[in-house]
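[1] I'd like to go over a predicted model; first the sequence, then the structure.
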Amino acid sequence: MDRALKTLLERKLGTSMEGPVRLRQDQAEIRIRPGDLPQVMRTLHDEPELRFEYLADLCGVDTGTTFQVVYHLWSDVTPDWLRVIVDGIPREEPRLPSLTFLWKGAEWMEREAYDMFGLVFEGNRDLRRIYLPDDFVSFPLRKDFHLADDVARSPGGGVRPMERAGAPKDADETTLRRTSPGA
């Protein structure tokens, strides 16, 4: 754990963070509000003491009540990765600023989060679906997304025939795998 990074983050970001810096093995974690995203990320990217110039990943999270966006950053000045969690994005208007002005590669990651969660990244010049067809009307990684044959609402009691386990019709004792001890 890079305790010097923790001290530096606390000094540079101060009140922009919600809560303390968390350190776990080779990773530091901070939480911020959606409105602080551009300023915090610019500081992390541009400050000579920090230089988080590599955005490894960006992903959405649906907590059931709000959304989060998680950024994984790397810098050559610390052995630790940095996880930045943008917390409290409202479900009714899931919008936050695009970070393509800092990392051009964020464009595709933001498109994926838009396609799967409906998170709108304002300023992304090509925010459109990346996996699903353009006429798809829902977002499959949201907690409120249901498949047409959702097992909770299926008349079959939650088990579709293709999910039932059983032995092949023409199997006999010699072809079945034995799982009991001593068999």
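    Noted; the coordinates are in hand.
[2] and the helices in the protein?
    Counting by DSSP state H, the chain has helices at residues 3-13, 37-46, 106-117.
[3] strands of this protein, start to end?
    22-24, 27-32, 54-62, 66-74, 81-90, 95-97, 120-122 (DSSP state E).
[4] closest one to L99 among the helices of the chain?
    When the helices of the chain are compared by Cβ to Cβ, helix 106-117 sits nearest L99, at 4.6 Å. Just so you know, the C-beta spots here come from the backbone N, C-alpha and C atoms, and that holds for glycine as well.
[5] what are the buried residues along that closest one?
    106-107, 109-117 (16 or more other Cβ atoms under 10 Å).
[6] dump the residue contacts of the most centrally placed residue in the chain.
    Nearest residue to the geometric centre of the chain (Cα atoms, centre = their mean): C59, 2.8 Å. Counting by Cβ atoms under 8 Å, 6 or more residues apart in numbering, C59 touches 69-70, 109, 112-113.
[7] now for those, which pair is the farthest apart?
    The span of the contacts of C59, defined through Cβ to Cβ, is set by V70 and E112 at 12.6 Å.
[8] sorry, back to before: just list whatever residues bridge to the residue nearest to the centre of the chain.
    Note on C59: beta-bridge partners V70, judged by DSSP bridges.
[9] tell me the pLDDT at it?
    On pLDDT, C59 comes in at 96.
[10] repeat for the one 10 residues further on
    Looking at V69, its pLDDT is 98.
[11] can I assume it is in contact with V61?
    Yes - taking Cβ atoms under 8 Å as the definition, V69 is a contact partner of V61 at 7.4 Å.
[12] of these two, who's got more company?
    V69 (24 against 17; other Cβ atoms under 10 Å).
[13] now for that one: which residues touch it?
    Here V69 is in contact with 58-61, 85-86, 89, 96, 113, 119 (Cβ under 8 Å, 6+ apart).
[14] ok, G19 to I32 distance?
    Taking Cβ to Cβ, to the nearest Å as the measure, G19 falls 10 Å from I32.
[15] who has more neighbours, these two?
    Each of G19 and I32 has its neighbours counted (other Cβ under 10 Å); I32 has more, 21 against 11.
[16] give me the pLDDT for the more buried one.
    97.
[17] what's the closest non-adjacent residue to it?
    Among residues not flanking I32 along the chain, V40 sits closest, at 5.2 Å (Cβ to Cβ, 6 or more residues apart in numbering).
[18] ok, now which ones touch P20?
    By Cβ under 8 Å, 6+ apart, P20 lies in contact with E10.
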